[in-house]
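Chemist: Requesting a structural model of the entry that follows:
(2 chains)
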There are 2 protein chains.
Amino acid sequence: MEASAAVDSSASMPASFEVSKRPDTAKLVLNSPSPPSLREELVAVVGKAFRRPRASGDRPPRCAWALTALQCVFPVLQWGRSYTLKSFRSDIMAGLTLASLGIPQSIGYANLAKLDPQYGLYTSVVPPLIYAVMGTSREIAIGPVAVVSLLLSSMIQNIVDPATDPATYRSLVFTVTFLAGVFQVSFGLFRLGFLVDFLSHAAIVGFMGGAAIVIGLQQLKGLLGLSHFTNSTDIVSVIKAVCSALHDPWHPGNFFIGCSFLIFILTTRFIGRRYKKLFWLSAISPLISVVLSTAAVYATRADKHGVKIIQKVTAGLNPSSAKQIHLNGPHSAECAKIAIICAVIALTEAIAVGRSFASIRGYKLDGNKEMLAMGFSNVAGSLSSCYVATGSFSRTAVNFSAGARSTVSNIVMSITVFITLELFMKFLYYTPMAVLASIILSALPGLIDIKEACNIWKVDKMDFVTCLGAFLGVLFGSVEIGLAVAIGISFAKIIIQSLRPQVEILGRLQGTNTFCSIKQYPVACRTPSVLTIRIDTSFMCFINATFIKEEVETSDGKARERIQAVVLDMSSVVNIDTSGLTSLVEIHKELVSLGIQMAISSPGWNAVQKMKVARVVDRIGEDWIFLTVGEAVEACLTEHKGTALEC
Amino acid sequence: MEASAAVDSSASMPASFEVSKRPDTAKLVLNSPSPPSLREELVAVVGKAFRRPRASGDRPPRCAWALTALQCVFPVLQWGRSYTLKSFRSDIMAGLTLASLGIPQSIGYANLAKLDPQYGLYTSVVPPLIYAVMGTSREIAIGPVAVVSLLLSSMIQNIVDPATDPATYRSLVFTVTFLAGVFQVSFGLFRLGFLVDFLSHAAIVGFMGGAAIVIGLQQLKGLLGLSHFTNSTDIVSVIKAVCSALHDPWHPGNFFIGCSFLIFILTTRFIGRRYKKLFWLSAISPLISVVLSTAAVYATRADKHGVKIIQKVTAGLNPSSAKQIHLNGPHSAECAKIAIICAVIALTEAIAVGRSFASIRGYKLDGNKEMLAMGFSNVAGSLSSCYVATGSFSRTAVNFSAGARSTVSNIVMSITVFITLELFMKFLYYTPMAVLASIILSALPGLIDIKEACNIWKVDKMDFVTCLGAFLGVLFGSVEIGLAVAIGISFAKIIIQSLRPQVEILGRLQGTNTFCSIKQYPVACRTPSVLTIRIDTSFMCFINATFIKEEVETSDGKARERIQAVVLDMSSVVNIDTSGLTSLVEIHKELVSLGIQMAISSPGWNAVQKMKVARVVDRIGEDWIFLTVGEAVEACLTEHKGTALEC
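Modeler: Sure, this is the predicted structure:
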C-alpha cells in the first residue's frame, strides 16, 4: 500500500514521497537537544567530585553544619554517640585477640622490611589510632602487611643496602612512608578513587600469589638460619643463593624450630576452621609460638649452638622520626616513585579487605574517606618511626571473627602493643628468627588463591593472561616488573578491544521487529536486498575507523551484488572522533559509487551531534537517519520497491 | 488479563507462572551458540592476515598460481600487459615535470637532512625504481620528503654531529634507512597495517603543522646565510640562535636571493592554481629558480661577497653503501628506535597521500602491499647511498596534475635524475644555499592545514587537544616529544572513554516499544516503578566496573523508593571481564537487599557466555534475562502487578 502510494507521487513530487516514507520517530534523532559540551562535562565531573554528601532534608544551621563537616572527617563522632558498653566489651576482647596475632606478625614483617623488630611494633601503635577516629570501616585491622613490607625492602635496597647503612635505609623508609601518606591523602581529596581500580581483580590475584611465593622464599633465610642471602627477590636468584649457602655448614636447629612451630600454627588454624568456637586458638598460636620458642632457646641456650636469635631490641614508645624525613635528598625522585607504588598497593589491599567485610555486614565503604584516613595514618606514622601501614587481610578476619563492633578494637590493640613495647621488649632478645619465619609463612596460604585463578581461567582467558603475567613477573622479575606487566596487559586488553571491534550482520527475528546478530541468534533471518550491520564499539575512533570501514565494505562479499541498501546500526556507538567521521563519509562514498543506499540507525548522543556539526548528516541525507533498525530497513525496502516499480 | 491469570496460578504452581510470563524470544539469549573462543579468534585473525587474495572462481593450475603470486608481489606484471603507448606518452610528460620539481627539492631536503646534495638526488633514483615495480598506487611520487629529512637529522645528530664527523653520521643514516626498510617490510608481511592508524588524523594535522614551522625555522640558516646555527629544532633555541647570529655581520645578499625566488615560486603557484592549464609553471619554477640563481651567482661571482653556495658536489651514479651499514655498531639500539619512528612516519605519509589520490581515481590501495613496496625501496635505497624515501604530497600532486597514468612516471623521473647526476652536477657548484631554502619554504604551506585544525576544533574538542598537543610538542620540545604527546593523548582518550562510560536512564517512546535515553530524547516517558538503565560501554571491565556499579546503584536516587524493578540494558556491552561480572553480582545483591527485582536485556555474545560460565546467570535467575528491553519491562510490570494483587 505504502509503496504504491509512494510510486504514484514520486514522479510528480519527490519531496512528499520522502516525507510519506519517513516515520515520525525518525525526526527525533536529529532534533535531540545538544549533549553537554566537554567543558560542561568537566565542570560536572569536578563538581561531583567535590560535592559534599549532605544529610537529606533541610539545610542545617551553621553550627550543625560545622558538626556535620567534622563528622564527615571523623566518623568516630557519628558512631561514638551510639556506642554502648556491650560493644565496648566485644571490642576489648577483639582487640586483645588482635594484639596476640599482631605482635608476632609485626615483628616478622619488620624483619621482611629489613628493619629492626621494634619498627614493626611502632607501626602497630600510631596508624591504628589515627585510623580509629577517621576510618569508615568497622572491622579493618591496621598495621604492617607482608606485601607492602616486601615492596618497601625490595625497592629501597636498590638505593641503599640496609645491612651496610641501616640509618640511611631507615630514613628512606620514613620518607617513602611520608610521601605515600601524602599521595593517599591527595587521592582522597581529589577523589581519585578510580586509581585503585587500575589494578584489576585478576591482576591482584596473580600479583598476590607471586608476592606470597617470593615472601615465602625470603623466609628460607630465617628458616635455615643462613647468614648470607641475596638481595634479589626473583625465584632464580633466591634458589641459587640457597643452594650456595647450603654448601656452607648450617644448623638444623633453626629448621627444626621453624618447622615444628609452622606445623603447630597450621594445625591450630585447621582446628579453628573446623570448630568455629576455637578460632581464638589460631589467633593466639603465633604468640604462643613466640613465647614457647623464646623460653626454649633461653632455657637451652640454643643460640650458642647456631640457632639465630633476634638480639637487637629497643624498648620504649615510638621515637620521633620527623628529622629523618628528607624530601630534598638525593633520592627524592626514586622515593616518590616507590611511594606512589606503595600508596596504590596499600590502598588496593585495604579497600579490597574493607569492602569485602563491609559487604558481609551490609554497609558501604566510602573509598575517598578511606583514602584520607589511610593517608593521615601514614603521614602521622612516618613522623613516629612507623613504616607504611594498611589493612591486613589475616588480622581483619581475626578481628571480625573475634566480634569487633567498631574501630575501638584497633585502639585496644594499639594500647596492648604499646604496653608490650614498654614492658616486654627485652624478652624478645632470645626469640629465634626461625619462629618469625614460620609465622610469616603461616600467613601466606591466604594470599595464594588457586581456586580463584582457576575460576578466572574458566571465565575469561584474557584476564587469566593478566593474572599469569603478574604472577610470573613478580616471581621471575621483581615486584615492580610484575606490577608493570599486570597494568600493561590490562590496558592492552582495553586497547585491543577498541582496536578490533566486532562488525556484526543483523537479521530480523521472525514475527517481531527485533534485529539481532545472525551469528549470535542463528534463527534471525536476513532481509533480502538490505544488509544490516551493527558496529559493536562504543567509541568509533582513529584506531578502529579504518578497520570498521574495511569490514563494512567487505562484509558479506558474495551477496554484495544483490544488495540495494546498507543499514548501519550505530546504537552502540556512543562517541565518534574525526577519524570515525571520515570513515563514515568514505563508507558512504563507496556505497554510493556501487549504487547502494546507506542508512544509519540510532547513533549515540555525542555521535549524532558530531555528525551534524561535521556535516556528515548532510552528505548521507537527513532522510536516511533513523531511530530504529526496523524503521531504517522498512524505509530502504520501500525505496527499493519504489525504484523497482519505477524501472 | 495476563496478570490476573498469573495471580491465579502463582499460589499453586509458581513454575508455570514463570513460564507463562516469559516471551519465547527471551530463551534465545541463553540458548545462543558459544562464541568463538580466544584460540579460535586468534587462529581466525592469523589466518585472515596470511590469506592470499585469490581471484574469484576456480583454483588456477600451478604455473598460473606462480604467476598470480608474482603478480601479487609485482603489480607491474598485472597492469603492464594493458599498458598503452598513449599512457606511456602521458607518463613521460608527467615524469619530466616531476623531475623538474624533484631535483631542486631533493637537493634542498638533503640539506635539511644534513647530507651533501647528491644524497638527495640518489634517493630520487633507486627507491622510485623499486616502487615502480612493486607499488599499487599509480600516482604516488617517491623520494625524500621534508618531515622525514627533519626527523632523521634531528634524531641522528643527537648521536653524532654531522658537522664534525660526516662519515659516521652518513653511516648511521644508511643504517637507520636499512632498518626502517626492514621494519616496513615486516609490517607488510605480518599485516600490521593498523600501526599506521595509531597516529590519528588530528595528530597528523598537528604534527605536520608543527614540523612545517620547525622546518621553516631551520631554513633561516640558509636564508640569512648564517654560518653558526643551533642543532636543536625547538622554536626557542632557533630564535635564540638567530638573534645571536644577527649580532655578527651577515650578508643581505643571501636574504635578497632567497626572498625574491620564494616570491617567484609562490607567484607561479598562485597562477598555476588560478589557471589550471598553467600548472606546469608552478612545477618547473623551482628548477627555473635554481638555474637562474646559479647563473646569476656565477656571472656576478657573488660568492666572493658573502653569498653562500653549495660547493660540495660529486657527480656520478649512486655509489654502494652496503659497507656503511653497521647493525652491530655501538648505536644500534638508538638506530632501531629512530628507524621505527621514521618507518611509521614515512608509511603514514605515503599511505595518506596514496589513499587520498586513489580515492579520487576510484580505486583501492592495498596498505600491506604498499608497506612491502616502501620497505623494499628503502632496503634497496640504503644499499645504494639513499636515505629514507617515501611518498611526497607536493610531488604526488604535481604527478597527478601532469597526467601520470602509472608508476612509469616514477621511472622517467628516476632516469632524468640519473642523467642530471651524470652530466649536470658540476653546475650545482654555484647554486646559492638561499634558493634551496626558498624551495623548501615554498613547499611548507601545504603541510600547515589551519582550515582542518579549525574543523577539528568545531567537531571534536578532544581531537583538537591531540592536534594541539602534537603541534606544541614539536614546536617547543622536539619531533619525538611531539609524537609521544600525540600518541599519549590519543590513547588516553580511549582509556578515558572506557573509564567513565555513560549510564543512561531509558524511557519508552509513546505508542512504540522503543526505549531510548530520556536525556537524548526528552519525549521518552519513564515507565513508573521500573527503572531502565543502559550501560553505554562495549567493554565492561576493571576500570569501569566499580563506576558502573555505583552509577546504577545511585542513579535516580530520589525516586528510588517507589521502584520495584531495575532493567539493565546491556545491548552495548559486547564483552565483560571478571571485574565486570563481580560488579553485576554486587548490583544484584544490593538490589535484592532493597527488595528490587533486577532484569538484564540483550547482553552481547561474549558477555552472555561469560555470565553463563561464571554462574552470574544462575544468581540473577535465567528468567530475568531477556532479548529486548520491552520484554524485560513487560515482565517486570507483570510480576509487580502480580505481587501487588497478592498483597
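
Chemist: For stretch A:429-443, list every residue counted as buried.
Modeler: The neighbour-count check on stretch A:429-443 (16 or more other Cβ atoms under 10 Å in any protein chain shown) flags A:430-443 as buried. C-betas here are computed from N, CA, C, even on glycine.

Chemist: okay, the residues you listed in CSV with distance to A:A565 and secondary structure next?
Modeler: Below are those laid out as CSV (distance: Cβ to Cβ, whole Å; DSSP: H, G, I helix; E, B strand; the rest coil):
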residue, distance to A:A565, secondary structure
A:Y430, 88, helix
A:T431, 82, coil
A:P432, 82, strand
A:M433, 79, helix
A:A434, 79, helix
A:V435, 79, helix
A:L436, 75, helix
A:A437, 73, helix
A:S438, 74, helix
A:I439, 73, helix
A:I440, 69, helix
A:L441, 69, helix
A:S442, 69, helix
A:A443, 66, helix
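
Chemist: Check those residues one by one and keep those near chain B.
Modeler: Among those, no residue sits close to chain B (Cβ under 8 Å from any Cβ of the partner chain).

Chemist: Now for A:T416: which residues touch it?
Modeler: Applying Cβ atoms under 8 Å, 6 or more residues apart in numbering or on different chains, we find A:T416 in contact with A:95-96, A:99, A:103.

Chemist: circling back to that earlier point, show me which of the buried residues of stretch A:429-443 is closest to chain B.
Modeler: Nearest to chain B among these is A:A443, at 24.7 Å by Cβ to the nearest Cβ.

Chemist: Can you read off the pLDDT for the closest one?
Modeler: Listed pLDDT for A:A443 reads 84.

Chemist: what does A:A180 give?
Modeler: What the model reports as pLDDT for A:A180 is 96.

Chemist: Please identify which helix or strand holds it.
Modeler: According to DSSP states H and E, A:A180 maps onto helix A:166-189.

Chemist: quick one: A:G143 and A:T123 touch, right?
Modeler: Yes: the criterion here is Cβ atoms under 8 Å, and A:G143 meets it with A:T123 at 6.0 Å.

Chemist: any shared contact partners between these two?
Modeler: With Cβ under 8 Å, 6+ apart as the test, A:G143 and A:T123 both reach A:106, A:389.

Chemist: Would you mind telling me which of these two has the busier surroundings?
Modeler: Using other Cβ atoms under 10 Å in any protein chain shown, the more surrounded residue of A:G143 and A:T123 is A:T123, with 34 against 30.

Chemist: Could you look up the SS state of the closest residue in space to the more buried one that isn't next to it in sequence?
Modeler: Among residues not flanking A:T123 along the chain, A:C386 sits closest, at 4.1 Å (Cβ to Cβ, 6 or more residues apart in numbering or on different chains). The three-state assignment at A:C386 reads coil, by DSSP: H, G, I helix; E, B strand; the rest coil.

Chemist: for A:C386, what are its contacts?
Modeler: Contacts of A:C386 by Cβ under 8 Å, 6+ apart are A:119, A:122-123, A:125-127, A:177, A:318, A:378.

Chemist: so of the contacts of A:T416, which ones are in helices?
Modeler: Counting by DSSP state H, the contacts of A:T416 place A:95-96, A:99, A:103 in helices.

Chemist: closest to chain B among the residues you listed?
Modeler: Lowest distance from chain B to these (Cβ to the nearest Cβ) belongs to A:G95, with 29.9 Å.

Chemist: and the closest residue to that closest one other than its chain neighbours, how far is that from A:Y119?
Modeler: In space, and not counting its chain neighbours, A:G95 is closest to A:V412: 2.4 Å by Cβ to Cβ, 6+ apart. According to Cβ to Cβ, to the nearest Å, A:V412 and A:Y119 sit 21 Å apart.

Chemist: helix or strand for A:Y363, which one?
Modeler: Counting by DSSP H and E, no helix or strand carries A:Y363.

Chemist: So what's the residue count around the closest residue to it other than its chain neighbours?
Modeler: Excluding its sequence neighbours, the residue lying closest to A:Y363 (Cβ to Cβ, 6+ apart) is A:R138, at 7.8 Å. Burial measure for A:R138: 24 neighbouring residues, criterion other Cβ under 10 Å.

Chemist: again with A:L278
Modeler: 13.

Chemist: Repeat that for A:S359.
Modeler: 15.

Chemist: Surely it touches B:V585?
Modeler: No: counting by Cβ under 8 Å, A:S359 sits too far from B:V585 to count as a contact (10.5 Å).

Chemist: Same list, the buried residues of stretch A:429-443, but as CSV with distance to A:K519 please.
Modeler: Formatted as CSV, the buried residues of stretch A:429-443 follow (distance: Cβ to Cβ, whole Å):
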residue, distance to A:K519
A:Y430, 71
A:T431, 65
A:P432, 65
A:M433, 62
A:A434, 61
A:V435, 61
A:L436, 59
A:A437, 56
A:S438, 56
A:I439, 55
A:I440, 52
A:L441, 51
A:S442, 51
A:A443, 49
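
Chemist: which non-adjacent residue is nearest the residue in the stretch 301-450 of chain A positioned nearest to chain B?
Modeler: Relative to chain B, the nearest point of the stretch 301-450 of chain A is A:G362 (6.8 Å; Cβ to the nearest Cβ). With sequence-adjacent residues excluded and distances taken as Cβ to Cβ, 6+ apart, A:G362 is closest to B:S593, at 6.8 Å.

Chemist: you'd agree the residue nearest to A:G95 is up against A:I92?
Modeler: Yes: counting by Cβ under 8 Å, A:V412 does reach A:I92; the two are 5.4 Å apart.

Chemist: Same drill for these two, tell me which one is more crowded.
Modeler: Comparing A:V412 with A:I92 by other Cβ under 10 Å, the one with more neighbours is A:V412, at 23 against 16.

Chemist: What pLDDT is listed against that one?
Modeler: 93.

Chemist: Tally up the residues packed near the nearest residue to A:S171 once chain neighbours are set aside, please.
Modeler: In this structure, A:S171 finds its nearest non-sequential neighbour in A:Q324, 4.2 Å apart by Cβ to Cβ, 6+ apart. A:Q324: 19 surrounding residues under other Cβ under 10 Å.

Chemist: again, but for A:I235
Modeler: With other Cβ under 10 Å as criterion, A:I235 counts 17.

Chemist: Let me see the contact set for it.
Modeler: A:I235 makes contact with A:213-214, A:217, A:475-476 under the criterion Cβ under 8 Å, 6+ apart.

Chemist: Narrow these to those that are buried.
Modeler: Listed as buried from the contacts of A:I235 are A:213-214, A:217, A:475; burial here means 16+ other Cβ under 10 Å.

Chemist: how about a markdown table for those, with pLDDT added?
Modeler: Below are these laid out as a markdown table (pLDDT from 0 to 100):
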| residue | pLDDT |
| --- | --- |
| A:I213 | 92 |
| A:V214 | 90 |
| A:L217 | 89 |
| A:L475 | 92 |
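
Chemist: Restricted to helices, list those.
Modeler: A:213-214, A:217.

Chemist: Appreciated, that's everything.
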